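In: Here is my input, please return the structure:
(one chain, ligands or ions: 2)
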Amino acid sequence: MPTVLECPPEPLRVVVSPDGMVDTAAPTLVRRISELEGLYEDGQAWTQLVAAGDPVVYTVQSSPVPEVEHELPLSTTTILPGTCAGEFFMTKGHQHVNPEGEIYLGLSGVGGLLLFDGGTSRWIDMAPGVIGYIPPVWAHRSVNVGTEPYRFLAVYPGRAGHDYQWVLGNGLGLRAFGARSGFELRPQRALR
Ligand code: M6P
Ligand code: ZN
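Out: Ligands and ions are numbered 1, 2, ... in the order given. Prediction:
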């Protein structure tokens, strides 16, 4: 058998409960709105939200699988319902440092997967049981467009890496705002 890691992790059994929570002992990352500086369209509204309690926007629960070459880490992300001046709560969004694909599976709530290759933007409606495929080189962000927490499972190659600077500089091309019909996608204005 080939040796890929000096200390390979053990085979893993993960339970996904009906409400979508993945049962692992791994730590949970909590992202508050203050950590999403420069990402919402309305910077003034963002400042007010930070001052008014700095709400949690999303949490990421990882598995014990390490983010290293040959491994296949998985995590669940839960985006809480809410908006910043009408723009729905969302993840920071990232580009993979190494061009690798990724798979998302909707677990609970309703959301969207926003993708951008630097020229074209795409939106994939996400709901429980829906798989979204992210091809290599497409930056991606998830958005909660509902009134309940939106939770999804992500599986990605351990060597992918996260580049947040690219999204800060280029955005995702579109923004998701609340509308009478639920939500609408608007082209992003020039980034500051
Ligand atoms: C998914 C995966 C993770 C990512 C998380 C939050 O679970 O894509 O790799 O970290 O979403 O997204 P972000 O890193 O853009 O904040
Ligand atoms: Zn990714």
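In: which element follows the helix or strand of the chain with the lowest mean pLDDT toward the C-terminus?
Out: In the chain, no helix or strand scores lower on mean pLDDT, DSSP states H and E than strand 22-23, which sits at a mean of 70. As assigned by DSSP states H and E, the chain's next helix or strand after strand 22-23 is strand 28-32.
In: any chance you could map the helices in this protein?
Out: Here the chain has its helices, by DSSP state H, at 43-51, 165-170.
In: For F116, grab the count of nearby residues.
Out: When neighbours are counted by other C-beta atoms under 10 Å, F116 registers 22. The C-beta positions use only the backbone N, C-alpha and C, and glycine is treated the same way.
In: give me every residue that touches the spatially closest residue to L29 that is not a sequence neighbour.
Out: Of all residues not flanking L29 in the chain, V60 sits nearest, at 4.3 Å (C-beta to C-beta, 6 or more residues apart in numbering). Counting by C-beta atoms under 8 Å, 6 or more residues apart in numbering, V60 touches T28, L29, R31, S75, T76, T77.
In: show me where pLDDT drops low in this protein?
Out: Where the chain drops to pLDDT under 70, the residues are 1-8, 18-21, 23-26, 192.
In: Which residues of it lie near ligand 1?
Out: By C-beta under 6 Å from any ligand atom, the residues of the chain that approach ligand 1 are V60, S75, T77, T91, K92, G93, H94, E102, A154, Y156, H162.
In: Would you agree the fifth one is in contact with E37?
Out: Put plainly, it is K92. No. K92 lies out of contact with E37 (C-beta atoms under 8 Å); the separation is 9.8 Å.
In: Comparing those two, which shows the higher neighbour count?
Out: The residue with more neighbours, out of K92 and E37, is K92; 18 against 13, by other C-beta under 10 Å.
In: so who does the more buried one touch?
Out: Applying C-beta under 8 Å, 6+ apart, one finds that K92 lies in contact with R31, E35, L36, L39, R141, Y164, V167.
In: Quick check: bridge partners of the fifth one?
Out: With DSSP bridges as the criterion, the beta-bridge partners of R141 are L114.
In: roughly how far apart are it and M126?
Out: Distance, R141 to M126, using C-beta to C-beta, to the nearest Å: 12 Å.
In: more crowded one of these two?
Out: Taking other C-beta under 10 Å, R141 and M126 do not tie; M126 has more neighbours (25 against 21).
In: what's near enough to touch that one?
Out: By C-beta under 8 Å, 6+ apart, the residues touching M126 are Y104, G106, V110, G111, G112, L113, G132, S142, Y150, F152.
In: CSV for these, including neighbour count and distance to A176?
Out: Shown next, in CSV, are those (neighbours: other C-beta atoms under 10 Å; distance: C-beta to C-beta, whole Å):
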residue, neighbour count, distance to A176
Y104, 22, 16
G106, 23, 16
V110, 20, 12
G111, 31, 9
G112, 24, 6
L113, 24, 11
G132, 21, 15
S142, 25, 10
Y150, 30, 12
F152, 26, 15
